[in-house]
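In: let me see the structure of the following:
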Amino acid sequence: MELLNKQMTKPVERPVKVAQFGEGNFLRAFVDYMIDIANEKGLFDGSIVLIRPIGFGNMDQMFKDQDCQYTLQLRGRVDGEPYVETRQITSVKDIVSPFGNYEDYINVAKIDTLRFVVSNTTEAGIVFNEEDKFEEKLNITFPAKLTQFLLTRYETFNGAADKGLVMLPVELIDDNGIELKKCVMKYIDLWNLDAGFKNWVDTACIFTSTLVDRIVTGYPRNDAEKIWNELGYKDNILDTAEPFALWVIESEKDISGEWPMDKALEGKTGMNVIFTDNQKPYKQRKVRILNGAHTSFVLASYLKGNDYVNQSMQDPIMKDFMLKTIHEEVIPTLTLPKQDLEDFANAVVDRFNNPFIQHALLAIALNSVSKWKARCLPSFLGYVEKFGKLPEHLTFSIASLMAFYSSTDLNDGVLKGKRGADVYDIKDDKAVLEFFAENSAKETREFVHAYLSNEAFHGQDLTKVAGLEDKVTEYLDVIRTEGMKKALEKYFA
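Out: Modelled structure (predicted):
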């Protein structure tokens, strides 16, 4: 079977507009996909050069063997219906590595048509290290590499303002663009670089902060050959992802005209690019609805007998529990327009019901105490403040968490829980595990009081919330005596 190549895809030759630090599955299934569609629609007319930002690993040859052409398959549900989209991505022109040929890499900064820098160097990538030295070419952080990259461009074009670049980091940290710019500015000072260069970075370059959301499942090892046979060619860098995609781009200057990815995705249900001067409401929406839904129902669902998210969505009680948590208890506490929130929530249901993604409940259960505080507590308190009563489902999720964590068997940093005859690992911070090992065997009310009053877990004493201690005690008593299945049926069937 022939390997995918340019003879098959017949890509249009386009000027290089994007330098992409990161060749991994996520960027290829997210950014490069959007650029490919924008090119096809005549909105962008630009190609990408991939830059491998780390020294280990070597996919360069695999890309070159396929002329940087690859296939992306989106698999899941859209508007409740099965959805599969297969696209040959032709937007990537080349791949370079500072570790392979430094000159090829740094020459990308000298390309006249270059305008954008995309990066995904993991959450640990945007850091400042005062030990980084200017003369180092390889063993330095990504922001240090970017500083050198920008300096090369500044010097090549004599500080021309129209040669500034737009940074689009997608690393999963708060205010990623702001933090990236801070690091670059620190390196300019550390290395005593030209004041004119510092001013050029500050005024001619744009550092956006972005929020991204798409589950990328990557190379489908179990059914790659089946897909190759369907496609009629071999693709060693085949990528897969869910259909849903969200990219919120916060910028002081409007870049939507030259980065028209929102228009590229028009008509594609469940995919959206949003330009804003404040991404925080969108992050709040994602954390409270998507992540909050996960955290609020997965522990109860696991104890009821389910193992995966999509399996839980086939369970009528669990699906109804999740929907009512989102629509009746979370959405009323958020600030974005209700229709926007409802549309996002409906997309979440499709994502949870994706038959191509087996998302294990135990994987989501990791560090649930801190996750509940970050994802569910704001909705819980917002609901109490707005309606003057307890939100039933979020309150029940506290009892579910306590039931899930109930164990005195703590060894080697892992607490062992039991679901019938099954034993499962409970993984969390040491202090959390020690608390449950010491308290979960106590009488229910004493256990509940100890947990709710633990300010280290919640940032406040939750026993002060009217009626909460009594209600959690009631729920947990029923779970303990009758089991999770009967408890859910008693209160929510």
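
In: what's near enough to touch residue 276?
Out: Contact partners of residue 276, counting by C-beta atoms under 8 Å, 6 or more residues apart in numbering, are 248-250, 282. Every residue, glycine included, has its C-beta placed from N, CA and C.

In: if you set the cut-off to 10 Å instead, what comes out?
Out: Applying C-beta atoms under 10 Å, 6 or more residues apart in numbering, we find residue 276 in contact with 209, 211, 248-251, 282.

In: which members of those residues are positioned in strands?
Out: Among the contacts of residue 276, the members found in strands (DSSP state E) are 209, 211, 248-250.

In: by neighbours, which of these wins?
Out: With neighbours taken as other C-beta atoms under 10 Å, the top of the ones in strands among the contacts of residue 276 is residue 209, carrying 26 neighbours.

In: ok, now which ones touch that one?
Out: For residue 209, counting by C-beta under 10 Å, 6+ apart, the contacting residues are 167-169, 173-181, 248-252, 276, 278-280, 283.

In: can you rerun that using 7 Å?
Out: Listed by C-beta atoms under 7 Å, 6 or more residues apart in numbering, the contact set of residue 209 reads 175-178, 250, 279.

In: same question, residue 408
Out: Each residue near residue 408 by C-beta under 7 Å, 6+ apart is listed here: 437, 440-441.

In: tabulate those residues (CSV), appending pLDDT, distance to residue 419 and neighbour count.
Out: CSV is the format used below for these (pLDDT from 0 to 100; distance: C-beta to C-beta, whole Å; neighbours: other C-beta atoms under 10 Å):
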residue, pLDDT, distance to residue 419, neighbour count
437, 98, 18, 19
440, 98, 15, 18
441, 98, 17, 11
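
In: so which of these sit within strands?
Out: Of the positions in the contacts of residue 408, not one sits in strands, assigned by DSSP E.

In: please narrow those residues to those residing in helices.
Out: Judged by DSSP state H, those include residue 437 as members of helices.

In: and the contacts of residue 408, which is closest to residue 122?
Out: residue 437 (32.8 Å; C-beta to C-beta).

In: picking that back up, tell me which two of the contacts of residue 276 sit farthest apart.
Out: 251 and 282 (13.7 Å).

In: now the contacts of residue 276 as CSV including pLDDT?
Out: Output for the contacts of residue 276, formatted as CSV (pLDDT from 0 to 100):
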residue, pLDDT
209, 98
211, 97
248, 98
249, 98
250, 98
251, 97
282, 96
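
In: which one of those residues is nearest to residue 382?
Out: Using C-beta to C-beta, residue 282 comes nearest to residue 382 of the contacts of residue 276, at 17.0 Å.

In: what is the neighbour count of the closest one?
Out: 21.

In: host element of the closest residue in space to residue 213 that isn't next to it in sequence?
Out: Leaving aside its sequence neighbours, residue 213 sits nearest to residue 246 (C-beta to C-beta, 6 or more residues apart in numbering; 4.1 Å). Secondary structure assignment for residue 246, by DSSP states H and E: strand 245-250.

In: hmm, who's touching that strand?
Out: Under the contact criterion C-beta under 7 Å, 6+ apart, strand 245-250 has outside partners 30, 208-214, 261, 271-279, 282.

In: swap in stretch 344-354?
Out: Stretch 344-354 is contacted by residues 76-78, 80, 242, 244, 270, 285, 289-290, 293, 309-310, 313, 326-327, 331 when judged by C-beta under 7 Å, 6+ apart.

In: low-scoring stretches of this structure, by residue?
Out: Along the chain, the model assigns pLDDT under 70 to residues 56-58.

In: can you give the domain ranges for it?
Out: Structural domains annotated on the chain: 6-276, 280-492, as defined by automatic domain parsing.

In: before we move on, back to that, redo the contacts of residue 408 as TSV? Include distance to residue 367.
Out: Formatted as TSV, the contacts of residue 408 follow (distance: C-beta to C-beta, whole Å):
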residue	distance to residue 367
437	16
440	17
441	22
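
In: quick revisit: off-centre distance for the strand holding residue 246?
Out: Mean C-alpha position of strand 245-250 versus that of the full chain (C-alpha atoms, centre = their mean, to the nearest Å) differs by 11 Å.

In: quick check: buried residues in the very next helix or strand once past it?
Out: For strand 245-250, the following helix or strand on the C-terminal side (DSSP H and E) is helix 261-264. Across helix 261-264, burial judged by 16 or more other C-beta atoms under 10 Å covers 261-262, 264.

In: again with stretch 308-315
Out: So for stretch 308-315, counting by 16+ other C-beta under 10 Å, buried means 308-313, 315.

In: in this protein, which residue is most central in space?
Out: By C-alpha atoms, centre = their mean, the chain has its centre lying nearest to residue 213, at 4.9 Å.

In: so that residue touches residue 286, yeah?
Out: Yes. Counting by C-beta atoms under 7 Å, residue 213 does reach residue 286; the two are 5.9 Å apart.
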